[in-house]
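Chemist: Okay, sequence plus prediction incoming.
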Protein chains: 4
Amino acid sequence: MLKGKMDLNSFVVKAPQNIAIENIPLPEIGDRDVLVRVAACGICGTDRHIYHGHYPANYPVVIGHEFSGRVERAGREVREVTPGDKVSIDPNILCGTCSSCREGHPNLCRNMVALGVDLNGGLSPYCRVPVSQIYKLPPEADLADASLVEPLSCVLHGVDLLGVKAGTRVVIFGGGFIGQLMAQIIRLQGAARVVLVDPNEDKRAIARSLGFDTINSRDLRQLESLAEFDASVDCAGAGKVLQQCIEITRPGGKILMFAAYGQGQEVAVTPYDIFRKQLQLIGSFTYPDTQSRAIRLLTSGKIVLDPLVTRIRLDEVVSLFTGERKLIKGVVVFP
Amino acid sequence: MLKGKMDLNSFVVKAPQNIAIENIPLPEIGDRDVLVRVAACGICGTDRHIYHGHYPANYPVVIGHEFSGRVERAGREVREVTPGDKVSIDPNILCGTCSSCREGHPNLCRNMVALGVDLNGGLSPYCRVPVSQIYKLPPEADLADASLVEPLSCVLHGVDLLGVKAGTRVVIFGGGFIGQLMAQIIRLQGAARVVLVDPNEDKRAIARSLGFDTINSRDLRQLESLAEFDASVDCAGAGKVLQQCIEITRPGGKILMFAAYGQGQEVAVTPYDIFRKQLQLIGSFTYPDTQSRAIRLLTSGKIVLDPLVTRIRLDEVVSLFTGERKLIKGVVVFP
Amino acid sequence: MLKGKMDLNSFVVKAPQNIAIENIPLPEIGDRDVLVRVAACGICGTDRHIYHGHYPANYPVVIGHEFSGRVERAGREVREVTPGDKVSIDPNILCGTCSSCREGHPNLCRNMVALGVDLNGGLSPYCRVPVSQIYKLPPEADLADASLVEPLSCVLHGVDLLGVKAGTRVVIFGGGFIGQLMAQIIRLQGAARVVLVDPNEDKRAIARSLGFDTINSRDLRQLESLAEFDASVDCAGAGKVLQQCIEITRPGGKILMFAAYGQGQEVAVTPYDIFRKQLQLIGSFTYPDTQSRAIRLLTSGKIVLDPLVTRIRLDEVVSLFTGERKLIKGVVVFP
Amino acid sequence: MLKGKMDLNSFVVKAPQNIAIENIPLPEIGDRDVLVRVAACGICGTDRHIYHGHYPANYPVVIGHEFSGRVERAGREVREVTPGDKVSIDPNILCGTCSSCREGHPNLCRNMVALGVDLNGGLSPYCRVPVSQIYKLPPEADLADASLVEPLSCVLHGVDLLGVKAGTRVVIFGGGFIGQLMAQIIRLQGAARVVLVDPNEDKRAIARSLGFDTINSRDLRQLESLAEFDASVDCAGAGKVLQQCIEITRPGGKILMFAAYGQGQEVAVTPYDIFRKQLQLIGSFTYPDTQSRAIRLLTSGKIVLDPLVTRIRLDEVVSLFTGERKLIKGVVVFP
Ligand SMILES: NC(=O)c1ccc[n+]([C@@H]2O[C@H](COP(=O)([O-])OP(=O)(O)OC[C@H]3O[C@@H](n4cnc5c(N)ncnc54)[C@H](OP(=O)(O)O)[C@@H]3O)[C@@H](O)[C@H]2O)c1
Ligand SMILES: NC(=O)c1ccc[n+]([C@@H]2O[C@H](COP(=O)([O-])OP(=O)(O)OC[C@H]3O[C@@H](n4cnc5c(N)ncnc54)[C@H](OP(=O)(O)O)[C@@H]3O)[C@@H](O)[C@H]2O)c1
Ligand SMILES: NC(=O)c1ccc[n+]([C@@H]2O[C@H](COP(=O)([O-])OP(=O)(O)OC[C@H]3O[C@@H](n4cnc5c(N)ncnc54)[C@H](OP(=O)(O)O)[C@@H]3O)[C@@H](O)[C@H]2O)c1
Ligand SMILES: NC(=O)c1ccc[n+]([C@@H]2O[C@H](COP(=O)([O-])OP(=O)(O)OC[C@H]3O[C@@H](n4cnc5c(N)ncnc54)[C@H](OP(=O)(O)O)[C@@H]3O)[C@@H](O)[C@H]2O)c1
Ligand SMILES: [Zn+2]
Ligand SMILES: [Zn+2]
Ligand SMILES: [Zn+2]
Ligand SMILES: [Zn+2]
């Protein structure tokens, strides 16, 4: 496989707004590493932030942290997988010795190092991955879908924190890839009613085609008529969504703060309502323990990805960063 | 409506194994009571135990605690419903002043008084019900289905205590009405795999027709091959089920003890496994707060009841107690 | 006891800023009511708000909702207490049929009626109290202390929601009566370090005398040096406290929003931090199930009240509302 | 320090019931290892089981998994500690890639490797410890006490799972070292009443001297008079304790199954009571995340160890295994 002249064309961010698609040397692997032949890699907002220099990265770096592939080669002390195995990657490498790692919050590791951010990632035909980050997939898994195990794991973690019960009613703000996945998982957890709010009719139409009720976020009258939701989820990170969540949620209800707002950005809330309605506002950041369940759900066919995903080529990636092109979710599929 | 000569034929247990179907006077109601015209009433194991004298009841009593109907008349201080409203009943009247009521466990009230056990219940064309026990149904609700809101509320409470997450694998022992409902609710909560274990092929066939995997509880080899379930549920209350749950459940998993074993009956468990696998065994008894969600789920059409339910006449009820007839769930529908 | 001419001098708020201390008729009681001879009644911020017309009350009304006393007379159907029993009162009467009552949040009842707000309360020698609101005290209980069972029950509920574990570090903003109680309960739950922040040196001195570390809320340099608290609690409801809590709390930590801000008042927060540190902001309002534990703790002597409480006469109450006099906690003790 | 001829006398279990106190070579360390100069090492039941061949160990092995010391030398890639630092050890090395590690239960790792069991442990002047297992202590820490951080961490984890709230009442069976620590931690969490049950008067006397109520486990009449505990804890692992817990615990209460019973040993329980009282039985095994809090509590002086601990020499250890000598807790202090 790895013989002869290889195409190792990779998407390298050399510095903010300076990228190249270029050959990189085949990575060498250590005893507990795996060389992954990348099958597919999703593009997300973090990649765009790295491109623009708004997210701290270790330039130059091959970006891409949502990826799947096959084991090409396994280090000497790797017992967990063997060459040919389909795998999905957890990009976030934790330190194991900081206070977050040791007090029950490994996903909040103070010394997190991430593939595709600090180390070369998945927008390359090959990637070196420590075996601690490798999850074996069942043989029947679709590798393009499996590139989206990472965002799905994030969503599952948020839903774990939220604690959705069968028969409840949930509203979700934001119909991007994350909001759409969130809606699906929350319905999967038995919510009796799931409403998706987004300004964009195309996204709402997709949600409706999947059976969700939708509301235009610009239609304030309709928004204000919402009330008594057991939970609301902010997957928008924009406008007055947080305060709208506070207003729409019933006494005793919960609000999942899933979206990344700008660092330092201030948003107004009314603490009286949080107190009087005894609400809980729950932050969620990446995930510590949901990737196996994400894999199980993806391969069970219970998640609909097709209307959300567009397959793109490596040389099309940059158009998503510059804003020339807008996709709910772009996935680079390697040949 | 209530004029002229009325048929108030009711199913009265006069003493253990001594029943009569006889006219009772139309109940008078107090200021905070509702007179319910019963539409349908389910029969469950507790009714059989009352018939046999194995469950403490206030003989003579009209049994039946799983029922629905319409408001016939409302007491002077009732604001919550008006005549004609479809309603479902919560049969368990709590005291509000015992230590269970006051410390977060009203369903474990020390002075519980139940319709159909201590007070006349639903196997009668009319029943007096305190408004505290009345849940208004949406107009489109099917009243026969709605008689089963009570057992569904119990199951929801058990599942709340268990805490099922999307993508997990759960095994359920017992394919009676409760086990079959449990399987549906647990799948509704997003379980990726749900297996039902029962000795009876007819019950397993129903479960399979609803999409569940099944195992014959007598097929020990197959049972022993089970492992690594995130949770297991005892809806059988028989044989070695509890210990089988302990063995089948993965480290860190949970066991829902939903079934009523005989009072004082001893069952062997291996505490080492509970300790070493850090299992949690979770008892569940009736419910404090799930009836509204049960109503929402039933009327949403997400629960399949038809293959489980047989409509019967009042004079057929006793045959379920004597064992002449066996049904997964019998429901008396009033004309 | 109740013979002859009685002094039924009561503190009546007739309309906002219009009060009278006047004789009221001895209340008549129903079958499930108790006539309580009030022993002591605490004054809190809600009373001041009622006086000023900033809290909806049913004028004219005898205020006072933090009170204790002895059973003078019990209604015909009262079995729970007998004359002479010492009792503490839960002032919040819930409806039992609203969606909050029925879905696990009785403290958030939509139809709450409160003694001392909607019905005559404890600033009177006698008060009619439904038995549902009566908690029997052990004979050795101090009745002046027992008037403070209500705020202690609130604090316990907040701490239940927060979930304090032994060995954690907690910061509390606000050294009023509530903040000082909060500090004591959180230390009682095993917190290894408890810091109290307040602008007022007298209050800080009391806290220090009880063994707490304190910080002047005006000393921004010291405040900014705080970090890595497992939890923080807002018992101040003022200034930038909420955002300070967000900054001081460690990743994975929790913030208890216990204070009542002004209705509609907006406060700025940084959602990025809540997301990135995966914080939880937890509202808390009154309590559903902590009063028995509050009684047990108060009578166990584990709570220090003396330095916090000032005994006052009925005719001194109004000076607390006008601001003439400032007390951490005033308690009217009836002769 | 490490120059010249060293005394590396270590306690080696060569095979079941075959031990030697002998010199071992100074361990070599890898880049992420720390060479610890052991200060103190506690002896526990697991050590005795290894000695007797009842617990799977990697003979020959230096036992001892409860230990503390100072950093003698640190591997090239160790940033977390430097020579001279006082440290406490987490003996359980997890794999990071098994399903327990990856799904939220690292303490239930399927491939756990333990210092003192599978690798040489703390009954030796020096021990090689991966930095992932090293917790830095504050300079003022007492190193003999700090050897007991491991059992304290286990107890904290059990109490975390149990969820003790201020004002509750808890009964603990077993007054060995673990039961006595459990009693202290549960009181520290605010329990209003803590009762310790043990057959041995000496142990009960110690508990009483620390302020606990005690009961002789052989005094069945007194035991049967117990009731309505919010929680009970099995730190005995003997007799009928588990069923006694079930009987003594109030409806809605919890039972912590902390003790290790014999593998395969069957014990009888009454499932009816677990169902009817809606109890929760909670297994607890080692700990995933409590060691930092254990250190904080130990160094805060909130835990009383002196009456429980006896300092012994290396050559006295075996007498604890043969039963010649009985101690609540023996700790070997190295010179
Ligand atoms: N917690 C975690 O671990 C985690 C993991 C992944 C992602 N995230 C975060 O989740 C958020 C969503 O991710 P995404 O990839 O789906 O982003 P996205 O594609 O930008 O989606 C956000 C959506 O919200 C819509 N929106 C804007 N204003 C709105 C409003 N007022 N009401 C309702 N919707 C509104 C946007 O519409 P327009 O496009 O028309 O503006 C867009 O459709 C991001 O903040 C991301 O950083 C969090
Ligand atoms: N927690 C609560 O609030 C609550 C509420 C309602 C009901 N319950 C309890 O839930 C349990 C189930 O109720 P149900 O109405 O469904 O009772 P059911 O009709 O008697 O169902 C029990 C089922 O378990 C089967 N079974 C017997 N031995 C088994 C084994 N070894 N393995 C697997 N299955 C086995 C039975 O088969 P056969 O019929 O062939 O024996 C039967 O199909 C009862 O104990 C009931 O009291 C609890
Ligand atoms: N959740 C519930 O169920 C519940 C129950 C009871 C009470 N509460 C609420 O709890 C809060 C506290 O009650 P309380 O009776 O103790 O009120 P309080 O006597 O007004 O105490 C508030 C304290 O916070 C201090 N403070 C003001 N600004 C501060 C700042 N920036 N940082 C730190 N401290 C600051 C105040 O000092 P100055 O006096 O000098 O301004 C005062 O000492 C109130 O909002 C009350 O409504 C809630
Ligand atoms: N979950 C975990 O992570 C973890 C961690 C450490 C230890 N443990 C386990 O915790 C348990 C206690 O450890 P330990 O070191 O304290 O053991 P221990 O010294 O053997 O203590 C057990 C105590 O229970 C007493 N006891 C015996 N029968 C009793 C009865 N019927 N009622 C009440 N007490 C009774 C014993 O008395 P006699 O000595 O007179 O028999 C002894 O004092 C052990 O099973 C241990 O394996 C668990
Ligand atoms: Zn870390
Ligand atoms: Zn009760
Ligand atoms: Zn209500
Ligand atoms: Zn592992």
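Modeler: Received, thanks. Numbers count the residues shown, from 1 in each chain, chains lettered A, B, ... in the order given. Ligands and ions are numbered 1, 2, ... in the order given.
Chemist: what number of residues lie near residue A:292?
Modeler: Neighbour count for residue A:292, taken as other Cβ atoms under 10 Å in any protein chain shown: 19. C-betas here are computed from N, CA, C, even on glycine.
Chemist: Now do the contacts for it.
Modeler: A:135, B:167, D:99, D:102-103 (Cβ atoms under 8 Å, 6 or more residues apart in numbering or on different chains).
Chemist: Please indicate which of those residues are buried?
Modeler: Among the contacts of residue A:292, the ones that count as buried by 16 or more other Cβ atoms under 10 Å in any protein chain shown are A:135, B:167, D:102-103.
Chemist: where does the nearest residue to residue A:239 once chain neighbours are set aside land on pLDDT?
Modeler: Distances taken as Cβ to Cβ, 6 or more residues apart in numbering or on different chains put residue A:217 closest to residue A:239, at 7.2 Å, once the chain neighbours are dropped. Note on residue A:217: pLDDT of 97.
Chemist: need the contact list for the nearest residue to residue A:329 once chain neighbours are set aside.
Modeler: Distances taken as Cβ to Cβ, 6+ apart place residue A:177 nearest to residue A:329, at 4.1 Å, with adjacent residues excluded. Each residue near residue A:177 by Cβ under 8 Å, 6+ apart is listed here: A:44, A:151, A:308, A:328-329.
Chemist: again, but for residue A:31
Modeler: Counted by Cβ under 8 Å, 6+ apart, residue A:31 has contacts A:75-78.
Chemist: Pipe these into JSON lines and attach neighbour count per row.
Modeler: Formatted as JSON lines, the contacts of residue A:31 follow (neighbours: other Cβ atoms under 10 Å in any protein chain shown):
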{"residue": "A:75", "neighbour count": "15"}
{"residue": "A:76", "neighbour count": "9"}
{"residue": "A:77", "neighbour count": "11"}
{"residue": "A:78", "neighbour count": "20"}
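Chemist: got the buried residues for whichever strand or helix holds residue A:297?
Modeler: According to DSSP states H and E, residue A:297 maps onto helix A:291-299. Of the residues in helix A:291-299, A:291-299 count as buried by neighbour count, 16+ other Cβ under 10 Å.
Chemist: low pLDDT regions in chain A?
Modeler: A:1-6 (pLDDT under 70).
Chemist: wait, residue A:321 sits on residue A:53?
Modeler: No: Residue A:321 sits out of contact with residue A:53 when judged by Cβ atoms under 8 Å, with a separation of 11.1 Å.
Chemist: Mind checking which of the two has more residues around it?
Modeler: Taking other Cβ under 10 Å, residue A:321 and residue A:53 do not tie; residue A:321 has more neighbours (19 against 14).
Chemist: Tell me, how many residues neighbour whichever residue of the stretch 51-200 of chain A sits closest to ligand 6?
Modeler: Nearest residue of the stretch 51-200 of chain A to ligand 6, counting by Cβ to the ion: residue A:165, 24.6 Å away. Applying other Cβ under 10 Å, we find 20 residues neighbouring residue A:165.
Chemist: Quick check: the gap between the nearest residue to it once chain neighbours are set aside and residue B:24.
Modeler: Distances taken as Cβ to Cβ, 6+ apart put residue B:160 closest to residue A:165, at 6.0 Å, once the chain neighbours are dropped. Distance from residue B:160 to residue B:24, counting by Cβ to Cβ, to the nearest Å: 37 Å.
Chemist: more crowded one of these two?
Modeler: A side-by-side neighbour count of residue B:160 and residue B:24, using other Cβ under 10 Å, places residue B:160 first with 20 against 15.
Chemist: where does the more buried one land in three-state SS?
Modeler: Look at residue B:160: counting by DSSP: H, G, I helix; E, B strand; the rest coil, its state is helix.
Chemist: beta partners of the spatially closest residue to residue A:312 that is not a sequence neighbour?
Modeler: Take residue A:312 and drop its neighbours on the chain: the residue closest to it by Cβ to Cβ, 6+ apart is residue A:330, 4.6 Å away. Using DSSP bridges, the bridge partners assigned to residue A:330 are residue A:43, residue A:310.
Chemist: Can you give me the neighbour number for residue A:330?
Modeler: Count around residue A:330 with other Cβ under 10 Å applied: 22.
Chemist: hang on, it packs against residue A:318?
Modeler: No: applying Cβ under 8 Å, one finds residue A:330 not in contact with residue A:318, separated by 11.0 Å.
Chemist: Now the residue of the stretch 201-335 of chain A found nearest ligand 6. Its backbone dihedrals?
Modeler: Evaluated by Cβ to the ion, the stretch 201-335 of chain A has residue A:252 as its residue closest to ligand 6, separated by 21.7 Å. For residue A:252, the backbone dihedrals are phi 80, psi 0 (criterion: degrees, to the nearest 10).
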